[in-house]
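Predicted model follows, preceded by the sequence.
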Amino acid sequence: APTSRWVYTLGVRGSNGGLDASVRNVLRLGTYQLLDWYTCQHNRWGSPDTSQDWFSAGLAGYLSGVQVDVDLDLEFTGLNTDMLSEAQAAAEALRREDKAYPLLPLETMAGMTAYRDLSRVAADDGKPFFGAVSTEVSIRDVDLYLRQSYMFVLFLQEYDEGRYRAAFDRYLGAHLNRETAHGMSQQVLERCLGIDAEDWPRLDAEFRAFVDDDLLQR
């Protein structure tokens, strides 16, 4: 909760994911706190104007990509198996209905500043935000948003042997320095990637291939 700086989490030790899922959940939420405090440090300890945008959500998914052994030793892989397995299950259900796994246009996602934007954009035309609904499984917009945010961070780290990794580093620095606040996320991402408005379709195509041919197959 950005206003109180408390992290709220439910114990999931008894869930299907067991201890691994519980640890990943705590790490994911703890990343929000780390981003908040590092942003404060970069801005003379002033209270940052931040929210749970795509970058915060994606980095939280990435940094909670760990495996846990019985002694609670962690091995970082960057692969959040909870998010990936949920995405793969949804993709399989949609495939049986001849539907593709839904992905937001990256330009749209980059312009979002908080989860509440999902309902605002959906209300524009009255259709589901992601435009794909399965009759077999329940797929919430916010879950798709969180998974895509994570997948995009993974894309920026891994695609084409790290082609966009330096851009990711530049964006992280800009985020910590509050350059992405006040609705500037999309413009800052374009600057860090070295692209303009005409390049988004190409980036969408690269991301779609990365998701379909790699992440949904792992």
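Ah, there it is.

now the residue in the chain sticking out farthest from the centre: how far from Leu19?
Distance to the chain centre peaks in the chain at Asp71, reaching 28.9 Å (criterion: Cα atoms, centre = their mean). Here Asp71 is placed at a distance of 11 Å from Leu19 (Cβ to Cβ, to the nearest Å). For glycine as for every other residue, the C-beta is placed from the backbone atoms N, C-alpha and C.

Provide the secondary structure category for the residue farthest from the centre of the chain.
coil (DSSP: H, G, I helix; E, B strand; the rest coil).

pLDDT score assigned to it?
If you check Asp71, the pLDDT there is 81.

and the longest helix for the protein?
With secondary structure taken from DSSP state H, the chain has its longest helix at helix 18-42.

just checking, what packs against that helix?
Judged by 3 or more Cβ pairs under 8 Å, 6 or more residues apart in numbering; DSSP states H and E, helix 18-42 is in contact with helix 54-63, strand 66-68, helix 81-95, helix 165-176.

now could you export just the CA positions of the longest one as PDB?
Backbone C-alpha positions of helix 81-95 (Å, rounded to 0.1, in the frame of the first residue of the first chain) are rendered in PDB as follows:
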ATOM      1  CA  THR A  81       6.600 -20.500 -12.400                       C
ATOM      2  CA  ASP A  82       3.300 -19.500 -10.800                       C
ATOM      3  CA  MET A  83       2.700 -16.800 -13.300                       C
ATOM      4  CA  LEU A  84       3.900 -18.800 -16.300                       C
ATOM      5  CA  SER A  85       1.900 -21.900 -15.400                       C
ATOM      6  CA  GLU A  86      -1.200 -19.800 -15.000                       C
ATOM      7  CA  ALA A  87      -0.600 -18.200 -18.300                       C
ATOM      8  CA  GLN A  88       0.000 -21.500 -20.000                       C
ATOM      9  CA  ALA A  89      -3.200 -23.000 -18.600                       C
ATOM     10  CA  ALA A  90      -5.200 -20.000 -19.800                       C
ATOM     11  CA  ALA A  91      -3.500 -20.200 -23.200                       C
ATOM     12  CA  GLU A  92      -4.400 -23.900 -23.500                       C
ATOM     13  CA  ALA A  93      -8.000 -23.200 -22.700                       C
ATOM     14  CA  LEU A  94      -8.200 -20.400 -25.200                       C
ATOM     15  CA  ARG A  95      -6.500 -22.500 -27.800                       C
END
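
If I take that helix and helix 54-63, what angle do their directions form?
110 degrees (axes from the mean of the first three to the mean of the last three Cα atoms, to 10 degrees).

in helix 81-95, what's buried?
Thr81, Asp82, Met83, Leu84, Glu86, Ala87, Gln88, Ala90, Ala91, Ala93, Leu94 (16 or more other Cβ atoms under 10 Å).
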